[in-house]
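K.L.:
Below are the sequence and a predicted model for it; my questions follow.
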Amino acid sequence: MTALCHELPAWQTLQTHHESQIRQLDLRQAFAQEPQRLETLSMQAPHVFADLSKNLWTADTERLLQQLAHESQLAAKRDAMLAGAAINSTEQRSVMHWLLRTPLDAGQLAASPVLQAWQPDMKTALQEVHDTLNQMLALADAVRNDRQITDIVNIGIGGSHLGPEVVVNALEDWIDTGKNFHFVSNVDGHELGHVLHRIKPERTLFLVASKSFTTAETMLNARSARQWFLDHGGSEDPSEACSIDRHFVALTTNKAAAAQFGIQRTLGFWDWVGGRFSLWSAIGLPIAIAIGPMQFRAMLDGAHAMDAHFFTAPLVQNLPVRLGLLDVWYRDFCQFSSRCIAPYSHGLRRLAAYLQQLEMESNGKSVTREGLPLSVPTAPIIWGEPGTNGQHAFFQMLHQGQDIIPVEFIALRDGGKYLGEHHQSLVVNAIAQAQALMVGRDGEGAEKFCPGNRPSSFLLLQRLDPASLGALIALYEHRIFVSGAIWNINSFDQWGVELGKKLAKQLHQRQDSQDWEGVDASTQGLMQRLAHSNF
């Protein structure tokens with residue numbers, strides 16, 4: 001059985017290293033003493049430059065973390081994913097969202113023994129991926145050219161919502177269809193109601209995104225949208241111009257359930273595509289409608305470039321590996337329980353919400369793949385807001401609060417159509433905030449004192465285009481895999497989410513039967529208060 005991460009020799013050495021060398025590390029002194037610090041602790045990866053020099057670590061720290069990666073068999077775990085092994089052990093599934101952006105000619109990847117050992121079924125899966133991709137992009141093109149359709153309403157939740165939403169928002173400068181995009185996820189009827197109030201049935205295309213076509217929140221919203229559609233002139237008759245068949249598309253593997261709902265147009269995907277990794281699949285249809293087939297392929301190409309980097313670059317020169325190891329270092333050795341995401345880009349305003357699900361749902365676990373309890377913490381709390389708004393909200397705490405919270409700045413060198421004074425000011429603010437966290441302020445009174453020596457990373461993209469965004473998201477996907485591999489947890493299931501769904505279903509049943517035997521007093525009292533009109 002695999003040793004627990006904290007039992008590995010490198011783990012013990014890292015603890016000693018932290019106590020003896022890092023606990024008292026002063027970044028200001030480190031830069032004065034290490035002329036090559038920026039060069040040593042920064043690197044260029046596909047579409048992303050990362051400055052990691054303002055973090056509380058040294059070249060020795062990285063060397064020891066690399067030893068931890070070796071003892072954790074990180075490379076072997078990565079290659080098992082690439083080979084299609086069922087690394088999602090609790091569901092006995094492969095994890096191959098990366099295949100969704102792999103070129104049809106696998107030889108286009110850098111030479112890899114794992115790729116050379118691909119089995120015929122893997123090549124068959126790649127062909128199926130591209131067949132489905134071509135179908136999706138053809139449908140996207142048809143919708144883009146349909147002048148009658150002015151509004152696209154995506155109904156999903158989790159990855160089926162956050163993935164498409166974050167990309168469509170980020171690439172809004174690339175949308176040239178003249179169509180409006182709406183994203184509905186919350187089961188709170190106000191969200192759907194506000195969207196329905198602004199659209200017309202005959203001019204709207206609804207996309208129902210649910211892998212199983214049984215997701216409770218998504219299907220409740222879908223049924224309500226369907227009823228609204230029928231109540232406002234729509235028809236169940238597929239021969240009618242304003243029919244469910246014409247105005248609804250299902251993104252699902254359950255074609256039978258979609259057909260029973262009245263939807264004949266479906267696009268499917270595979271059980272090896274997890275929800276929070278699914279924007280590259282048919283779930284990305286709203287993205288393809290928004291930016292068009294050519295730019296959607298550019299996004300896949302950018303992600304694939306990062307995939308090739310992750311799968312083939314030596315671990316010491318591998319950006320997802322370096323970031324994933326930094327995350328473990330901060331969470332378990334420095335005891336930092338959260339990380340702030342600060343994208344200095346209006347287009348990335350939903351990135352923090354997307355990364356919350358991507359990281360905390362993936363690595364918010366307390367047992368290993370073998371079911372053994374972990375005695376070390378895993379996923380940090382992910383939170384944040386775009387700059388410069390965050391500077392006038394929570395940055396006060398980052399500078400002068402008692403908690404040390406690593407900050408991840410993301411900025412663009414090229415602001416696109418909005419150049420000049422605005423973009424220059426934006427990026428300079430980001431750089432200045434990273435500098436301020438490190439250098440602090442002294443000599444102006446206790447109230448104005450900022451201790452400094454507060455860590456940050458800086459990710460710089462040339463511009464926010466489809467390829468760069470694809471690479472950035474793939475970077476985060478692989479980074480999360482790395483930290484999960486060190487902790488030896490399954491980053492690809494989410495049984496905690498399933499528990500809440502199961503209990504909600506049971507409470508609905510108990511509400512109907514009024515059988516409250518065995519239910520705790522608090523839950524029972526709240527359910528009964530909900531049922532009484534006299535609040």
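P.N.:
Ah, there it is.
K.L.:
For the protein, which segments count as strands?
P.N.:
For the chain, the strands defined by DSSP state E occupy 42-45, 48-51, 151-155, 180-184, 204-209, 248-251, 266-267, 338-343, 381-384, 407-412, 456-461.
K.L.:
Mind listing what's buried along stretch 97-105?
P.N.:
By 16 or more other CB atoms under 10 Å, the buried positions in stretch 97-105 come out as His97, Trp98, Leu99, Leu100, Arg101, Thr102. All C-beta atoms are positioned from the backbone trio N, CA, C, and that covers glycine.
K.L.:
Return the distance of the fourth one relative to Arg350.
P.N.:
It refers to Leu100. Distance from Leu100 to Arg350, counting by CB to CB, to the nearest Å: 21 Å.
K.L.:
between the lengthiest helix in the chain and strand 204-209, how big is the angle?
P.N.:
Using DSSP state H, we find that the single longest helix of the chain is helix 120-144. Helix 120-144 runs at 160 degrees relative to strand 204-209, counting by axes from the mean of the first three to the mean of the last three CA atoms, to 10 degrees.
K.L.:
how about the strands of the chain, which one is nearest Asp26?
P.N.:
strand 456-461 (15.0 Å; CB to CB).
K.L.:
what residue ranges in this protein score low on pLDDT?
P.N.:
For the chain, the stretches with pLDDT under 70 are 1, 106-119, 418-419, 533-535.
K.L.:
Apply 80 and report the result again.
P.N.:
1-2, 105-121, 416-420, 443, 532-535 (pLDDT under 80).
K.L.:
Show me what Phe206 is bridged to.
P.N.:
Following DSSP bridges, Phe206 is listed with bridge partners Val153, Phe248.
K.L.:
And it, how close does it get to Asn186?
P.N.:
Taken as CB to CB, the span from Phe206 to Asn186 is 16 Å.
K.L.:
And the two? Which one has more around it.
P.N.:
Phe206 (25 against 13; other CB atoms under 10 Å).
K.L.:
give the contact list for that one.
P.N.:
Val153, Ile155, Ala222, Ala225, Phe229, His247, Phe248, Val249 (CB atoms under 8 Å, 6 or more residues apart in numbering).
K.L.:
who wins for most neighbours among those?
P.N.:
Going by other CB under 10 Å, Ile155 tops the contacts of Phe206 with 28 neighbours.
K.L.:
Let me know whether that residue touches Arg226 as I believe.
P.N.:
No. Ile155 is not in contact with Arg226 according to CB atoms under 8 Å; the separation is 10.0 Å.
K.L.:
how about the residue nearest to Asp176 when sequence neighbours are not counted, what does it touch?
P.N.:
Distances taken as CB to CB, 6 or more residues apart in numbering place Gly292 nearest to Asp176, at 7.2 Å, with adjacent residues excluded. Neighbour list for Gly292: Ala140, Asp141, Arg144, Asp176, Thr177 [criterion: CB under 8 Å, 6+ apart].
K.L.:
If we ignore the residues flanking it in sequence, what's nearest the third one?
P.N.:
What sits nearest to Arg144 in space, not counting adjacent residues and going by CB to CB, 6+ apart, is Thr177, at 5.0 Å.
K.L.:
For that neighbour, give me its contacts.
P.N.:
Thr177 touches Arg144, Ile289, Ala290, Gly292, counting by CB under 8 Å, 6+ apart.
K.L.:
and the first one, what is it in contact with?
P.N.:
Under the criterion of CB under 8 Å, 6+ apart, the neighbours of Arg144 are Thr177, Lys179, Ile289, Gly292.
K.L.:
Just give the number of residues close to Met219.
P.N.:
Counted with other CB under 10 Å, Met219 comes out at 17.
K.L.:
Quick check: it vs Arg441, distance?
P.N.:
For Met219, the distance to Arg441 - CB to CB - is 54 Å.
K.L.:
Over to Val143?
P.N.:
When Val143 is compared with Arg441 (using CB to CB), they lie 54 Å apart.
K.L.:
Pick out whichever of these two has more residues nearby.
P.N.:
More neighbours surround Val143 than the other of Val143 and Arg441, with 19 against 14 (other CB under 10 Å).
K.L.:
I figured the more buried one was touching Leu207, is that so?
P.N.:
No. Counting by CB under 8 Å, Val143 does not reach Leu207; the two are 9.6 Å apart.
K.L.:
For the two, list the residues in contact with both.
P.N.:
Ile152.
K.L.:
State the distance from Gln509 to Trp516.
P.N.:
Taking CB to CB, one finds Gln509 at 11 Å from Trp516.
K.L.:
So between these two, which is more surrounded?
P.N.:
A count of neighbours by other CB under 10 Å puts Trp516 above the other of Gln509 and Trp516, at 16 against 9.
K.L.:
From Gln511, how far off is the closest residue to the more buried one other than its chain neighbours?
P.N.:
Counting by CB to CB, 6+ apart, Trp516 lies nearest to Gln524, which is 4.8 Å off, once chain neighbours are set aside. Distance from Gln524 to Gln511, counting by CB to CB: 11 Å.
K.L.:
Could you do Arg144 as well?
P.N.:
According to CB to CB, Arg144 stands 45 Å off from Gln511.
K.L.:
what do you get for Glu498?
P.N.:
Glu498 sits at a distance of 21 Å from Gln511 (criterion: CB to CB).
K.L.:
Among the two, which residue is more densely surrounded?
P.N.:
Counted by other CB under 10 Å, Glu498 and Gln511 do not tie: Gln511 has more neighbours, with 14 against 10.
K.L.:
who touches the nearest residue to that one once chain neighbours are set aside in this structure?
P.N.:
Excluding the flanking residues, the one nearest Gln511 by CB to CB, 6+ apart is Met527, at 6.1 Å. For Met527, the contact set (CB under 8 Å, 6+ apart) comprises Leu507, Arg510, Gln511, Trp516, Val519.
K.L.:
Could you dump the residues you listed into a markdown table with distance to Gln462 added?
P.N.:
Converted to a markdown table, the contacts of Met527 look like this (distance: CB to CB, whole Å):
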| residue | distance to Gln462 |
| --- | --- |
| Leu507 | 50 |
| Arg510 | 56 |
| Gln511 | 55 |
| Trp516 | 60 |
| Val519 | 56 |
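K.L.:
Report the two members of the residues you listed separated by the largest distance.
P.N.:
With CB to CB as the measure, no two of these lie farther apart than Gln511 and Val519, at 10.8 Å.
K.L.:
So what's the residue count around the closest residue to Asn488 other than its chain neighbours?
P.N.:
Leaving aside its chain neighbours, Asn488 sits nearest to Thr368 (4.7 Å; criterion: CB to CB, 6+ apart). Look at Thr368: counted by other CB under 10 Å, it has 18 neighbours.
K.L.:
Go ahead and confirm Thr368 touches Trp487.
P.N.:
Yes. Here Thr368 lies in contact with Trp487, judged by CB under 8 Å, at a distance of 7.4 Å.
K.L.:
list residues touching both of those two?
P.N.:
Common neighbours of Thr368 and Trp487 (criterion: CB under 8 Å, 6+ apart): Leu374.
K.L.:
can you give me the helices for the stretch 351-500 of the chain?
P.N.:
Ranges of helices in the stretch 351-500 of the chain, per DSSP state H, counting those that start in this stretch, are 351-355, 362-363, 395-400, 421-439, 466-487, 495-513.
K.L.:
of all those, which lies closest to Cys450?
P.N.:
With CB to CB, the closest approach to Cys450 among those belongs to helix 395-400: 4.8 Å.
K.L.:
Which strands or helices does the closest one pack on?
P.N.:
helix 421-439 (3 or more CB pairs under 8 Å, 6 or more residues apart in numbering; DSSP states H and E).
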